[in-house]
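J.: Model the structure of this input:
(chains A and B)
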Amino acid sequence: MADVKKFLYVNRKAPYGTIYAWESLEVVLIGAAFDQDVALAFIDDGVYQLVKGQDTKEIGMKNFSPTYSALGDYDINKIYVEKESLEARGLTIDDLQHLVWEDEDDDWAEKDSIKIVTASEMAEIMDQSEVVLSF
Amino acid sequence: MATIEVNGKQLEVDEEGYLADLNDWVPEVAEVMSKAEDAELTDAHWEVINFLREYYEEYQIAPAVRVLTKAIGKKLGKDKGNSKYLYELFPYGPGKQACKYAGLPKPTGCV
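T.: Residues are numbered from 1 along each chain as shown, chains lettered A, B, ... in the order given. Next up, the predicted model:
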């Protein structure tokens, strides 16, 4: 298809307290209808967005973290998390949700969507993206 | 805000007829809404409505039509996972109409 661009959505903020994380996720889901090459990056406090076991009862906000599991259904399977940001917050990949997608060309095998990358690899990913949207 | 009457109770709906509070939903909501649109709900309709409610419960979003079609095909069989089948059931659009009957918000990205 013509005009497929490489989109990168960069998420830098904690999930609650501001509307950025949820807005970003909504834009990603809406944008998925346009058949672009989409990737997500989680950097700085943005890595908290993917932490599993979120409970928002006490802050009276909708817990939208289950929605990240739907990204695979929307054919979004490139989710990059910065290694340095995780480490600075005492987190590892085991603290994050296990996000998967099903590969249609491989008998619907479940594959991991999250990839941990270093800051310099992340810079490379940004450099190769044609459209970078920062939230 | 507009309301609809279900089981003698007034439930709030938005300007497009979607339920304001998804916790207000009972099966009769779908019956009342479909009657207003001259549609009759069969088991096939309920299969989709219930599927949407389960999808929302799990992922906290109303899926886009493309995603709904794929997911229905996987869960209920290929003969149902196509837009022809879903549009026959919900001529106003499986996303919009079925989500409305299911008490969900309008699918994200739907205009």
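J.: In a strand, residue B:12, correct?
T.: Yes - according to DSSP: H, G, I helix; E, B strand; the rest coil, residue B:12 belongs to a strand.
J.: need the contact list for it.
T.: Residue B:12 makes contact with B:1, B:2, B:3, B:19, B:20, B:21, B:24, according to C-beta atoms under 8 Å, 6 or more residues apart in numbering or on different chains. Using the backbone N, CA and C atoms, a C-beta is placed for each residue, glycine as well.
J.: Check residue A:56 too.
T.: By C-beta under 8 Å, 6+ apart, residue A:56 lies in contact with A:16, A:62, A:63.
J.: now do residue A:20
T.: Shown in contact with residue A:20 (C-beta under 8 Å, 6+ apart): A:11, A:12, A:13, A:135.
J.: Residue B:36 too?
T.: Neighbour list for residue B:36: residue B:4 [criterion: C-beta under 8 Å, 6+ apart].
J.: Relative to residue A:74, how far out is it?
T.: Look at residue B:36 and residue A:74: by C-beta to C-beta, to the nearest Å, they are 32 Å apart.
J.: Also residue A:124?
T.: Taking C-beta to C-beta, one finds residue A:124 at 25 Å from residue A:74.
J.: who's the nearest residue to residue B:28 once chain neighbours are set aside bridged to?
T.: Closest residue to residue B:28 apart from its sequence neighbours, by C-beta to C-beta, 6 or more residues apart in numbering or on different chains: residue B:6 at 5.0 Å. Here residue B:6 sits in beta bridges with residue B:9, going by DSSP bridges.
J.: Hmm, residue B:6 is touching residue B:25, no?
T.: No - the criterion here is C-beta atoms under 8 Å, and residue B:6 misses it with residue B:25 at 9.2 Å.
J.: and the residue nearest to residue B:28, how many neighbours?
T.: For residue B:6, the count of nearby residues is 19 (other C-beta atoms under 10 Å in any protein chain shown).
J.: residues contacting it?
T.: Contacts for residue B:6 (C-beta under 8 Å, 6+ apart) come out as B:26, B:28, B:29, B:32.
J.: least trustworthy helix or strand in chain B by mean pLDDT?
T.: Lowest on mean pLDDT, DSSP states H and E among the helices and strands of chain B sits helix B:65-76, with a mean of 89.
J.: quick one: that one to chain centroid distance?
T.: Computed by C-alpha atoms, centre = their mean, to the nearest Å, the chain-centroid distance of helix B:65-76 equals 14 Å.
J.: Measure how far the next helix or strand after that helix is from the centre of its chain, please.
T.: Using DSSP states H and E, the helix or strand that follows helix B:65-76 in sequence is helix B:83-89. Chain-centre distance of helix B:83-89: 13 Å, with C-alpha atoms, centre = their mean.
J.: Output the contacting helices and strands for helix B:83-89.
T.: helix B:43-59, helix B:65-76 (3 or more C-beta pairs under 8 Å, 6 or more residues apart in numbering or on different chains; DSSP states H and E).
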